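Asker: Take this sequence and fold it.
(2 chains)
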Amino acid sequence: MKYNHVNRASEVEKTMRVADEMEPLEVNPLFRVRLMQRIEQEAGGRAHSLDFRLAFIALLVLINLGSTVLSLQTKKQHVTAIRSEVPENQSYDYTNQEFAYYDQTSENQTP
Amino acid sequence: MASKEKLFRALVDEHQEMVVNTCYRFVFNREDAEDLAQEVFVEVFRSFEQFREEAKLSTWIYRIAVTKSLDHLRRLKRKKRFSSLKRVIGIGDPSEQIAAPLHDNPADACTDSERARILRDALSTLPDNQKTAFLLSKQEGYSNQEIADILKTSVSAVESLIHRAKKNLHDKLYAYYTER
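Answerer: Sure thing, here's the model as predicted:
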């Protein structure tokens, strides 16, 4: 169907009037009940996700602690190993033949 | 917590009708309007503590309703684009094209739903602020001052938005009936 100018204007007016003539809705009597149910469900869901988040954070803290303890232990072992090596090195240094020179010169100087 | 819930229940009782009808103006569909109104009140419940008394509580709630409705329309637009793409490749769902009736009388429902669809399509091409100002002005209970508060603008700006929205709608509808 092809509209002429008058028909077009009238159709436009009728269509625009739909916005004026929209009957207000009666709210469903169960609206608030459903809403409260939904809020409780979402609160429950959020509590679960909070539990999960807490568990995840606890796991991360444990992993961090574990790795710290492990690295500290390794460091300690390393330090102990170095400490045990120091006297050996020192005794080596002072008993080495290269230092015998001082002993020899002191022997030579004595009359 | 109990006092918060009690306060919230009273708030829902006071504003549910206005919120549902505000959403209905935007979506033209009862089920969607009630779903959106539920989302609005869930948001209100969640961010109740964040409400600063810069605006009236009712204005704050209706602003959330408008924002949710506009978001819903944007989602629908995206979905529509996607479904037309699906139709092109032959996997479209024909039930998506059925508009919700506004009347119980089938004859009225037919013409009204057709007109409502045409109006909704024309409205969807308007900028959000024009659309909002126009639709809220058609709803009982909103003064131009309240619309201005919701849109965070002045009353004269709202009047101008409504005027421009009407003109744009008229032009778009006229073009639509010219093409047919």
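
Asker: Show me what counts as buried in the worst-scoring helix or strand of chain B on mean pLDDT.
Answerer: Least confident helix or strand, chain B: helix B:106-124 with a mean of 79, by mean pLDDT, DSSP states H and E. With burial defined by 16 or more other CB atoms under 10 Å in any protein chain shown, the residues of helix B:106-124 counted as buried are B:109, B:112-113, B:115-120, B:122-123. For the C-beta atoms, the positions are set from N, CA and C on the backbone; glycine is no exception.

Asker: filter these down to the ones close to chain A.
Answerer: B:112, B:115-116, B:118-119, B:122 (CB under 8 Å from any CB of the partner chain).

Asker: Kindly indicate which of those lies nearest B:Val12.
Answerer: Nearest to B:Val12 among these: B:Ala116, at 28.0 Å, using CB to CB.

Asker: Against chain A, how distant is B:His72?
Answerer: Taking CB to the nearest CB, to the nearest Å as the measure, B:His72 falls 16 Å from chain A.

Asker: For that residue, which residues are in contact?
Answerer: B:23, B:26-27, B:32, B:36 (CB atoms under 8 Å, 6 or more residues apart in numbering or on different chains).

Asker: what's the average pLDDT for the helix or strand hosting it?
Answerer: Using DSSP states H and E, B:His72 sits in helix B:57-88. Mean pLDDT, helix B:57-88: 88.

Asker: Neighbours of B:Val20, how many?
Answerer: 23 (other CB atoms under 10 Å in any protein chain shown).

Asker: measure the spatially most central residue of chain B to chain A for me?
Answerer: Nearest residue to the geometric centre of chain B (CA atoms, centre = their mean): B:Phe26, 2.1 Å. To chain A, B:Phe26 is 11 Å away according to CB to the nearest CB.

Asker: Neighbours of B:Asp13, how many?
Answerer: Neighbours of B:Asp13 using other CB under 10 Å come to 12.

Asker: per-residue confidence at the nearest residue to it once chain neighbours are set aside?
Answerer: Closest residue in space to B:Asp13, ignoring its immediate chain neighbours: A:Arg32 at 7.0 Å, by CB to CB, 6 or more residues apart in numbering or on different chains. Note on A:Arg32: pLDDT of 92.

Asker: Phi and psi next, for A:Arg32.
Answerer: phi -70, psi -40 (degrees, to the nearest 10).

Asker: For it, grab the count of nearby residues.
Answerer: Other residues close to A:Arg32 by other CB under 10 Å number 17.

Asker: show me what contacts it?
Answerer: Contact partners of A:Arg32, counting by CB under 8 Å, 6+ apart, are B:9, B:12-13, B:16.

Asker: which other residues reach the helix or strand containing B:Phe41?
Answerer: According to DSSP H and E, B:Phe41 maps onto helix B:30-46. Residues from elsewhere that reach helix B:30-46, judged by CB under 8 Å, 6+ apart: A:25, A:27-28, A:31, A:34-35, A:38-39, A:42, B:8, B:11-12, B:16, B:19-21, B:23-24, B:26-27, B:61, B:64-65, B:68-69, B:72, B:100.
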